[in-house]
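K.L.:
Here's my sequence, what's the structure:
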Amino acid sequence: MRMLITRCQKHLKDLKAAGKFGRLATEITLVLLIKVFLLWLIWAMFFSHPLAKDARQAAVTRIILNKP
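P.N.:
This is a model prediction of the structure:
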């Protein structure tokens, strides 16, 4: 994640130095960075912490049998 942000920042600096830096490039880069951050946040909240095997089994059993 950090490497991607660093690469984007370097690319923006290179565009600015070359004189090809425009508002559109800034907006596109900003939107892409926000999207990457939100995707990472969703992954971290919902998918990065797998349950232990016995905990998964208990959760599936509870859902199937509809018992709290």
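K.L.:
make it CA atoms for all contacts and neighbour counts henceforth
P.N.:
Will do.
K.L.:
Can you list the low-confidence ranges for the protein?
P.N.:
1, 19-21, 51, 68 (pLDDT under 70).
K.L.:
Quick check, central residue of the chain?
P.N.:
With distances taken as CA atoms, centre = their mean, Trp40 lies nearest the centre of the chain, 1.9 Å away.
K.L.:
Packing partners of the longest helix belonging to the chain?
P.N.:
When the chain is parsed with DSSP state H, its longest helix is helix 23-46. In terms of contacts (3 or more CA pairs under 8 Å, 6 or more residues apart in numbering; DSSP states H and E), helix 23-46 is packed against helix 2-18.
K.L.:
mind running it again at 7 Å?
P.N.:
For helix 23-46, there is no helix or strand it packs on, judged by 3 or more CA pairs under 7 Å, 6 or more residues apart in numbering; DSSP states H and E.
K.L.:
CA atoms only for the following helix or strand past that helix, dumped as CSV, please.
P.N.:
Where DSSP states H and E defines the elements, the next helix or strand beyond helix 23-46 is helix 53-65. This file holds the C-alpha atoms of helix 53-65, laid out as CSV (Å, rounded to 0.1, in the frame of the first residue of the first chain):
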residue,chain,number,x,y,z
LYS,A,53,-11.4,-23.6,12.3
ASP,A,54,-13.3,-24.5,15.4
ALA,A,55,-14.8,-21.0,15.6
ARG,A,56,-15.9,-21.2,11.9
GLN,A,57,-17.5,-24.6,12.6
ALA,A,58,-19.4,-23.3,15.6
ALA,A,59,-20.6,-20.2,13.7
VAL,A,60,-21.8,-22.3,10.7
THR,A,61,-23.6,-24.7,13.1
ARG,A,62,-25.3,-21.9,14.9
ILE,A,63,-26.5,-20.3,11.7
ILE,A,64,-27.7,-23.6,10.2
LEU,A,65,-29.6,-24.6,13.4
